[in-house]
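Student: quick one, fold the following:
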Amino acid sequence: AADKIDLIPQDFFAELCEQVIQHLNHKIAGVNTVELCQRLQMSGIEITVSELVKLANIISFLFSTAARDHLSTEELVTTLGSEVRALPKHAVQVIRHVWNEQGKAVSASENARNMDTVGQLIDISWKLGVAMSSDTCRSLKYPYITVTLKVADPSGQVTNKSFEMTIPQFKNFSRQFKEMAAVLETV
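Tutor: Down below sits the predicted model:
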């Protein structure tokens with residue numbers, strides 16, 4: 001993925017770095033790699049979403065490690081220069097600028113260290129369905145609930161996770177959310 005940095009224009013790379021650091025600062029839920037990839041492809045750059053996701057993960061790791069280690073802008077650039085020879089000059093300039101402008105805001109607290117393992121729920125939606133029949137049963141009329149969770153993983157990649165539940169399972173699921181809400185009211 002690092003070899004793709006050469007192909008990405010400076011303004012697109014800057015936008016990717018900005019989104020990553022905003023995600024690390026909890027200002028946005030995730031990095032919109034799909035939309036950015038589409039724009040790159042429309043401008044004639046051959047890159048896949050998975051390659052862009054890998055690149056976003058590398059940048060996220062870079063910034064979160066720099067935050068954890070309390071690196072100044074110059075220390076980060078020096079580290080990049082000594083350890084990451086493959087980075088083009090424009091990429092180092094963008095990383096320097098973004099870290100200089102917004103790096104101090106990246107929390108080096110326990111939350112910054114836990115970013116590798118915790119995602120974020122962006123949205124939840126559900127719908128009621130009825131299975132009318134199947135190849136083994138002509139008349140099912142079996143109700144079910146489909147729940148879709150929109151989740152940003154720790155790198156900021158947004159994905160949808162869907163699952164189905166029976167009505168009793170959904171009632172239990174709903175009860176647990178009500179219990180969580182009641183506990184949150186006491187905080």
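Student: quick one: the strands in the chain?
Tutor: Assigned by DSSP state E, the strands in the chain fall at 120-131, 142-152, 158-165.
Student: of all the ones you listed, which one is nearest I8?
Tutor: Judged by CB to CB, the one of these that comes nearest to I8 is strand 158-165, at 20.0 Å. Every residue, glycine included, has its C-beta placed from N, CA and C.
Student: figure out how far the closest one is from the centre of its chain.
Tutor: Centroid separation for strand 158-165 versus its chain: 16 Å, with CA atoms, centre = their mean, to the nearest Å.
Student: partners of that strand, with directions?
Tutor: Strand pairing for strand 158-165, determined by DSSP bridges: strand 142-152 (antiparallel).
Student: buried sites along the partner strand?
Tutor: Neighbour counts over strand 142-152 (16 or more other CB atoms under 10 Å) mark 145, 147, 149-152 as buried.
Student: what is the mean pLDDT for it?
Tutor: For strand 142-152, mean pLDDT is 88.
Student: E164: which of the buried residues of strand 142-152 is nearest?
Tutor: Nearest to E164 among the buried residues of strand 142-152: I145, at 6.8 Å, using CB to CB.
Student: quick revisit: from the buried residues of strand 142-152, which is closest to Q22?
Tutor: A152 (11.8 Å).
Student: what is the least confident helix or strand in this structure?
Tutor: Confidence across the helices and strands of the chain bottoms out at helix 110-113, with a mean of 45, counting by mean pLDDT, DSSP states H and E.
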